[in-house]
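Student: Mind looking at a prediction? Sequence and model below.
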Amino acid sequence: MEPISIVIGLAAVLFGLATAVLRVTHPGMFRKLEAMQRMWGKTPGTVLHWIAYTILPILAGTTFIVAGVRGVSLFGQ
């Protein structure tokens, strides 16, 4: 078991989940979302923001947790 990988994974998953919850409860607090919507358009900007700040952190965090449980270090040591 590699605790650093697991902790980083948990942090990433929690970040993704917090972003998802805050997007529903307080959508106005995401300045980067507004900027992405201006640059890419409303729907593509929202989708890109959702992927970058919710889905990818949850997937990466889950991968890090599984790797940590298997004893794989994120830092190769």
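Tutor: All right, it came through fine.
Student: CA atoms for contacts and neighbours, from now on please.
Tutor: Noted.
Student: Going along the chain, name the helices of this protein.
Tutor: Assigned by DSSP state H, the helices in the chain fall at 3-25, 31-40, 42-50, 56-69.
Student: nearest to Gly76, of those helices?
Tutor: helix 3-25 (10.6 Å; C-alpha to C-alpha).
Student: which of the helices of the chain sits most buried?
Tutor: helix 56-69 (a mean of 19; mean count of other C-alpha atoms under 10 Å).
Student: What helices and strands are in contact with that one?
Tutor: Under the contact definition 3 or more C-alpha pairs under 8 Å, 6 or more residues apart in numbering; DSSP states H and E, helix 56-69 sits against helix 3-25.
Student: related to what we said a few turns ago, make JSON lines from the helices of the chain and add distance to Gly76 and mean pLDDT to it.
Tutor: Output for the helices of the chain, formatted as JSON lines (distance: least, C-alpha to C-alpha, whole Å; pLDDT from 0 to 100):
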{"stretch": "helix 3-25", "distance to Gly76": "11", "mean pLDDT": "94"}
{"stretch": "helix 31-40", "distance to Gly76": "33", "mean pLDDT": "89"}
{"stretch": "helix 42-50", "distance to Gly76": "30", "mean pLDDT": "92"}
{"stretch": "helix 56-69", "distance to Gly76": "12", "mean pLDDT": "97"}
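Student: so which of these comes closest to Phe75?
Tutor: Of all the helices of the chain, helix 3-25 comes closest under C-alpha to C-alpha, at 8.5 Å.
Student: and that closest one, how far out from the chain's middle?
Tutor: 6 Å (C-alpha atoms, centre = their mean, to the nearest Å).
Student: if we look at it, which residues are touching it?
Tutor: Outside helix 3-25, the residues within contact range by C-alpha atoms under 8 Å, 6 or more residues apart in numbering are 30, 53-69, 72-74.
Student: May I have it as CSV, with CA atoms only?
Tutor: What follows is helix 3-25 as a C-alpha-only set of coordinates in CSV (Å, rounded to 0.1, in the frame of the first residue of the first chain):
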residue,chain,number,x,y,z
PRO,A,3,-0.3,6.1,1.3
ILE,A,4,0.8,9.2,-0.6
SER,A,5,-0.8,7.9,-3.8
ILE,A,6,-4.0,7.2,-1.9
VAL,A,7,-4.1,10.6,-0.2
ILE,A,8,-3.5,12.4,-3.5
GLY,A,9,-6.2,10.2,-5.1
LEU,A,10,-8.7,11.0,-2.3
ALA,A,11,-7.9,14.7,-2.6
ALA,A,12,-8.6,14.6,-6.4
VAL,A,13,-11.9,12.7,-6.0
LEU,A,14,-13.0,15.1,-3.2
PHE,A,15,-12.2,18.1,-5.5
GLY,A,16,-14.2,16.6,-8.3
LEU,A,17,-17.2,15.9,-6.1
ALA,A,18,-17.0,19.3,-4.4
THR,A,19,-17.0,20.9,-7.9
ALA,A,20,-20.0,18.9,-8.9
VAL,A,21,-22.0,19.8,-5.8
LEU,A,22,-21.0,23.5,-5.9
ARG,A,23,-21.9,23.7,-9.6
VAL,A,24,-25.4,22.8,-8.6
THR,A,25,-25.7,24.8,-5.4
